[in-house]
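In: using only what follows, build the 3D model:
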Amino acid sequence: MYSVAFIFKPGELDDDFHVLDQQIERFAESLDGFVGKEVWHRADNQLINSTYYWRDEASLKTFSRYRAHLRAKKDYQRWYQGFHIVVSKVERSYGDGAIDHLTPNDRDKRS
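Out: Numbers count the residues shown, from 1 in each chain. Sure, this is the predicted structure:
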């Protein structure tokens, strides 16, 4: 499994942004390897983290080549004051089970 954290400082999010964002979201959701997305905001809303989860690298690469996604990357300065992306391979994920999460709970697999 892969996680991609898209951390950004929002700027002016106009109508063009929202249309493009919806296209990108629908495409991601249409891919078999898409697991889900979580969004976190810093308390002052000056940073937002949208983390996407993918079953496999092939799906992630397909998403990264989508025409609307490429356009958004090209025009990012229209909408963001800055960004940072972290692509991670999930080695393990665990918790007490009280919180539903998009990654598997590996603790359940231990003997």
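In: test for you: state the pLDDT assigned to the residue nearest to residue 27 when sequence neighbours are not counted.
Out: Leaving out its chain neighbours, the residue that sits closest to residue 27 by Cβ to Cβ, 6 or more residues apart in numbering is residue 66, at 5.1 Å. The way it works is simple: take the backbone N, C-alpha and C, and place the C-beta from them, glycine included. With respect to pLDDT, residue 66 has a value of 96.
In: so how far is residue 59 from residue 66?
Out: 11 Å (Cβ to Cβ, to the nearest Å).
In: again with residue 98
Out: 29 Å.
In: likewise residue 75?
Out: Here residue 75 is placed at a distance of 24 Å from residue 59 (Cβ to Cβ).
In: and those two? Which one has more around it.
Out: Taking other Cβ atoms under 10 Å, residue 75 and residue 59 do not tie; residue 59 has more neighbours (17 against 13).
In: that one: which element?
Out: helix 57-64 (DSSP states H and E).
In: show me what that helix is packed up against.
Out: Helix 57-64 sits against strand 2-10, strand 48-54, with contacts defined as 3 or more Cβ pairs under 8 Å, 6 or more residues apart in numbering; DSSP states H and E.
In: what's the angle between the following helix or strand past the longest one and strand 2-10?
Out: Moving toward the C-terminus from strand 2-10, the next helix or strand (DSSP H and E) is helix 15-30. Angular relation of helix 15-30 and strand 2-10 on a 0 to 180 degree scale: 170 degrees, by axes from the mean of the first three to the mean of the last three Cα atoms, to 10 degrees.
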